[in-house]
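J.: Pasting a predicted model and its sequence here:
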Amino acid sequence: MNTSNKKLDAELKLHNLKIDVWDEYNLNKTVPWVNDILAELIKTQKDNVDTTYQQGEEENISLSLNFLRKNTPSFKDHLMTDGRIVATYNAACIKCLAPTPIQIDMEFKSLHLNSSLRDLPEYAEIDEIFTENAQRELYFYSKGTLPLREMLQEYLFMGIVPFPIHDENCLGLCAVCGINLNHETCKH
């Protein structure tokens with residue numbers, strides 16, 4: 001496996017990868033476009049958190065990406081991706097709106113075919129395919145370019161916890177006056 005120290009752009013050009021060689025990249029929020037993905041996640045969650053919310057140091061993202069470019073008779077020039085996303089962020093507790101630390105840790109496998117194959121009957125109604133001993137999500141690239149940022153953002157947002165609770169014993173907010181019942185009591 002070739003561990004690459006070179007820069008990885010938000011749009012991956014397939015011709016930059018050698019055929020039949022795994023390329024490994026480890027990225028974090030120091031890469032501007034990766035930080036933009038984290039910032040988008042934080043922004044979508046921040047709108048729901050109470051007004052005392054401040055961005056925490058615990059918000060982070062790291063990506064581990066492995067690419068294998070291949071050229072075969074059945075798939076032509078294609079790319080396999082094995083990846084892992086680890087992200088931490090604050091979300092609003094659904095009961096009291098308090099900032100709640102959440103961690104996403106997800107692995108994924110994908111196969112990227114040239115968009116010229118998209119209209120073939122064998123790919124018409126599938127979104128996953130089994131190849132190289134793994135079930136992989138099927139994507140298409142065009143003009144030799146894989147929209148990497150877009151794909152990773154999709155995976156990350158699919159991993160968002162839909163109903164975060166900061167504590168299983170959270171009392172929530174009073175339905176009448178809105179007081180946080182975890183910190184105060186009211187006459188209601």
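T.: Thanks, I have it.
J.: Nearest the geometric middle of this protein, what residue?
T.: In the chain, the C-alpha nearest the mean C-alpha coordinate belongs to residue 156, at 2.0 Å (CA atoms, centre = their mean).
J.: host element of it?
T.: Following DSSP states H and E, the helix or strand that holds residue 156 is helix 148-158.
J.: Distance from that helix to the middle of the chain?
T.: For helix 148-158, the separation from the chain centroid amounts to 4 Å (computed by CA atoms, centre = their mean, to the nearest Å).
J.: Stretch 85-102 too?
T.: Put simply, stretch 85-102 sits 16 Å off its chain's centre (CA atoms, centre = their mean).
J.: So which bits of that stretch are buried?
T.: Neighbour counts using 16 or more other CB atoms under 10 Å place 85, 87-100, 102 of stretch 85-102 among the buried residues. In this view, the C-beta of every residue, glycine as well, is placed from N, C-alpha and C.
J.: For residue 32, state which of these is nearest.
T.: Within these, the smallest distance to residue 32 is 16.3 Å, found for residue 87 (CB to CB).
J.: Relative to residue 81, how far out is that closest one?
T.: Counting by CB to CB, to the nearest Å, the separation of residue 87 from residue 81 is 18 Å.
J.: Mind listing what's buried along the longest helix anywhere in the chain?
T.: Here the longest helix in the chain is taken by residue count, with DSSP state H as the criterion, and it is helix 32-46. Of the residues in helix 32-46, 34, 37, 38, 41, 42, 45, 46 count as buried by neighbour count, 16+ other CB under 10 Å.
J.: With adjacent residues omitted, what lies nearest to the fourth one?
T.: This means residue 41. Closest residue to residue 41 in three dimensions, ignoring its sequence neighbours and counting by CB to CB, 6 or more residues apart in numbering: residue 89, at 5.5 Å.
J.: isn't the one you found right up against residue 102?
T.: Yes: Residue 89 lies in contact with residue 102 (CB atoms under 8 Å); the separation is 5.7 Å.
J.: mind listing the strands for this structure?
T.: In chain order, the chain shows strands spanning 2-3, 11-13, 22-28, 60-72, 76-92, 99-114, 128-131, 134-141, 145-147, with DSSP state E as the criterion.
J.: Out of the buried residues of stretch 85-102, which is nearest to residue 120?
T.: Comparing those against residue 120 with CB to CB places residue 85 closest, at 30.2 Å.
J.: List the beta-bridge partners for that closest one.
T.: Per DSSP bridges, the residues bridged to residue 85 are residue 63, residue 106.
J.: Please name the residues that touch it.
T.: Taking CB atoms under 8 Å, 6 or more residues apart in numbering as the contact definition, residue 85 lies against 61, 62, 63, 104, 105, 106, 108, 152, 155, 156, 159.
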